[in-house]
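> sequence isn't available, so here's the structure alone:
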């Protein structure tokens, strides 16, 4: 399957059950449970320090790189048990793409930002690499802007262009699940609108979990919403539901207060 096969979905569900994350003795999130339905976009919302990013990072095992971090509970992507000792992190991270708060292009050329990870995962033919570069840049609307300077440094791009390049790099790997950690928070309103539009085009083709502090953004693009909070110094999930259930008919007083701007 290639990016051109836009009609072919990648839709494993994400199941999280009894997930707890600790940094040393500090609890980041306690016994979190949620399910992202196949092909849906779920927004994780809540105040700073409630464990949203820790939850996200545990899905592709970025938590493995943090000294003293312990993860308990069960995470599954489709039938894949994320924290099973037999699950290889390189295989997992190819299936699970991640976009961060700050654009993080490699200090390489625009084209090499996409070629490099593809070569690391076994793609060798120059023709195949060049085709994937063009295909992924077209997918994020960058091709016409950079086609005449593919060998220019990626860091010469604007912030919004860098974030689109990082999105193109992620999609070039043909993942199944997308994790978005506040992908617009470092961008201006015009760049934010462009990224949001791109995220909308990915809904239904990928299963997406996105952290955002922007409740208006969650209202605009999420299918479902999970509200995280802090209880006795530890992050937790207080409510999960459809966008309407959370923003219009929420059952939890914390959710109502947060969505009404009275807390958080």
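That came in fine, so what should we check first? Remember, it's a predicted structure, so these values are computed and weren't measured experimentally.

> check which helix or strand covers residue 93.
helix 89-95 (DSSP states H and E).

> that helix - what's its average pLDDT?
Across helix 89-95, the average pLDDT comes to 89.

> would you list every one of the strands in this structure?
14-23, 26-36, 41-45, 69-77, 80-81, 96-99, 177-181, 207-211, 224-231, 234-242 (DSSP state E).

> please name whichever of those strands is nearest to residue 158.
Closest to residue 158 of the strands of the chain is strand 96-99 (CB to CB; 16.5 Å). In this view, the C-beta of every residue, glycine as well, is placed from N, C-alpha and C.

> run me through the strand neighbours of that closest one, direction for each.
strand 177-181 (parallel) (DSSP bridges).

> state the mean pLDDT of the strand it pairs with.
Rounded mean pLDDT across strand 177-181 is 96.

> can you tell me the centre-most residue of this structure?
Central residue of the chain (CA atoms, centre = their mean): residue 179, 1.6 Å from the mean position.

> which residues touch that residue?
56, 59, 60, 96, 97, 98, 99, 208, 209, 210 (CB atoms under 8 Å, 6 or more residues apart in numbering).

> export the strands of the chain to JSON lines and tack on distance to residue 201?
Converted to JSON lines, these look like this (distance: least, CB to CB, whole Å):
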{"stretch": "strand 14-23", "distance to residue 201": "20"}
{"stretch": "strand 26-36", "distance to residue 201": "18"}
{"stretch": "strand 41-45", "distance to residue 201": "11"}
{"stretch": "strand 69-77", "distance to residue 201": "22"}
{"stretch": "strand 80-81", "distance to residue 201": "25"}
{"stretch": "strand 96-99", "distance to residue 201": "14"}
{"stretch": "strand 177-181", "distance to residue 201": "12"}
{"stretch": "strand 207-211", "distance to residue 201": "11"}
{"stretch": "strand 224-231", "distance to residue 201": "19"}
{"stretch": "strand 234-242", "distance to residue 201": "21"}
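
> so which of those is nearest residue 153?
Nearest to residue 153, of the strands of the chain and by CB to CB, is strand 96-99 at 20.2 Å.

> leaving out chain neighbours, which residue sits closest to the residue nearest to the centre of the chain?
In space, and not counting its chain neighbours, residue 179 is closest to residue 98: 4.4 Å by CB to CB, 6 or more residues apart in numbering.

> ok so, going back, among the strands of the chain, which is nearest residue 187?
Closest among the strands of the chain, using CB to CB: strand 96-99, at 11.6 Å.

> name the residues that touch the closest one?
56, 59-60, 62, 77, 163, 166-167, 170-171, 173, 175-181, 183.

> returning to what we had before: now, which of the contacts of residue 179 sits nearest residue 36?
So of the contacts of residue 179, ranked by how close each gets to residue 36 (CB to CB), first place is residue 209, at 5.4 Å.
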